[in-house]
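S.K.: After the sequence you'll find the predicted model.
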Amino acid sequence: MRRVLATLFTAPLPVTAVAPANATSSSTAPSSAPATAGKTTPHKPAPPAKPAKPAGGAPAKAGVKCTDQIDYAGDPRPNVEINSEGESTGTCPAPQRS
């Protein structure tokens with residue numbers, strides 16, 4: 001009997017998280033990931049954000065100015081030059097950075 005009691009009191013107990021008294025139900029939900037002692041699970045990076053407008057060299061849409069399709073912020077050329085190049089070639093030029 002002493003051996004059984006000694007085993008019960010010396011065996012390591014699993015660690016459980018205790019939520020603070022003011023926690024909301026969303027923060028106290030149990031994790032579906034298994035707990036591992038001393039190991040961390042690598043974080044999966046978020047996918048890169050998609051640009052709102054296509055990159056330079058994109059085909060010019062009929063009736064839409066290149067400056068309305070692509071972000072030319074920081075491009076030293078005037079809008080007229082960018083848009084006329086898009087009209088004449090059928091492709092919006094890539095933005096130039098100064």
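M.R.: Perfect, thanks for sending it.

S.K.: where exactly do the helices run in the protein?
M.R.: Along the chain, counting by DSSP state H, helices occupy 2-10, 66-69, 79-89.

S.K.: what does the average pLDDT come to for the last one?
M.R.: Per-residue pLDDT values over helix 79-89 give a mean of 94.

S.K.: Kindly report the same for the shortest one.
M.R.: Regarding helix 66-69, the rounded mean pLDDT is 94.

S.K.: Which elements pack onto that helix?
M.R.: helix 79-89 (3 or more CB pairs under 8 Å, 6 or more residues apart in numbering; DSSP states H and E). (C-beta placed from N, C-alpha, C; glycine too.)

S.K.: neighbouring contacts of the helix it packs on?
M.R.: With contact meaning CB atoms under 8 Å, 6 or more residues apart in numbering, helix 79-89 is reached by A60, K65, C66, T67, Y72, D75, C92, P93.

S.K.: Pull the most distant pair out of the residues you listed.
M.R.: Spatially, the most separated pair among these is A60 and D75, at 15.9 Å (CB to CB).

S.K.: Any of the contacts of helix 79-89 buried? List them.
M.R.: A60, K65, C66, T67, Y72, D75, C92, P93 (16 or more other CB atoms under 10 Å).
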